[in-house]
Structure formats: structure tokens, C-alpha cells
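Q: Sharing a model that was predicted from the sequence below.
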Amino acid sequence: MVGGDTYANLEDLQKARNDARAVAGALTGLGFAVTLLEDADRRSMTRALSTLSSSITPGDEVLFYYA
């Protein structure tokens with residue numbers, strides 16, 4: 001889950017972080033393992049995607065959510 005309200009060259013958003021938190025909470029409540037990033041920079045996003053891709057095994061269900 002990625003929620004980004006803050007951007008260097010755009011006006012700040014108002015609800016993306018809260019949307020990502022809500023979806024993360026719902027999925028956690030259903031028993032899914034969730035990683036939540038908020039206002040992540042490029043390095044953090046790359047690291048998290050690398051970690052995710054290396055942890056996927058056959059039969060896994062994966063959701064990438066970006067708000």
C-alpha cells in the first residue's frame with residue numbers, strides 16, 4: 001500500500017494517505033500481510049518493490065495499491 005499526499009512539484013493532496021491506511025486496515029483485518037508506505041521517496045519505493053517481488057512465491061495473491 002502506498003499513500004502519497006506530498007509531492008515536490010504539485011499541490012499537496014488531501015486524502016491519499018488516509019485512503020491507503022483504510023485499505024491497509026481492511027486487508028489486515030482479512031488476514032493479509034500488508035506493508036504501508038506513506039509519502040515514500042523513490043529509494044523507499046524501489047526498496048519496497050524489490051522486497052515484495054523477492055518474497056512472492058507460486059500461489060501467492062498480491063495486490064499493489066497506490067493512492
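A: Cool, got the structure.

Q: Going by C-alpha atoms from here, please, whenever you check contacts or count neighbours.
A: Noted.

Q: hey, where'd the strands end up in this protein?
A: 2-3, 37-38 (DSSP state E).

Q: and those strands, which is most packed in?
A: strand 2-3 (a mean of 20; mean count of other CA atoms under 10 Å).

Q: Need the contact partners of that strand.
A: Residues outside strand 2-3 that contact it (CA atoms under 8 Å, 6 or more residues apart in numbering) are 16-21, 36-40, 65-67.

Q: Mind doing that once more with 7 Å?
A: With contact meaning CA atoms under 7 Å, 6 or more residues apart in numbering, strand 2-3 is reached by 16-17, 20, 36-39, 65-67.

Q: and the residues you listed as a markdown table, adding pLDDT and distance to Leu49?
A: A markdown table is the format used below for these (pLDDT from 0 to 100; distance: CA to CA, whole Å):
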| residue | pLDDT | distance to Leu49 |
| --- | --- | --- |
| Ala16 | 90 | 19 |
| Arg17 | 92 | 18 |
| Ala20 | 93 | 16 |
| Leu36 | 93 | 12 |
| Leu37 | 93 | 11 |
| Glu38 | 92 | 14 |
| Asp39 | 91 | 15 |
| Tyr65 | 92 | 12 |
| Tyr66 | 90 | 12 |
| Ala67 | 90 | 15 |
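
Q: could you flag which of those are buried?
A: 16-17, 20, 36-38, 67 (16 or more other CA atoms under 10 Å).

Q: what two of these are the furthest from one another?
A: Greatest spacing in the buried ones among the contacts of strand 2-3, by CA to CA: Ala16 and Leu36 (12.1 Å).

Q: returning to that earlier point: hmm, which two among the contacts of strand 2-3 are most spread apart?
A: Maximum distance among the contacts of strand 2-3 (CA to CA): 13.5 Å, for Asp39 and Tyr65.
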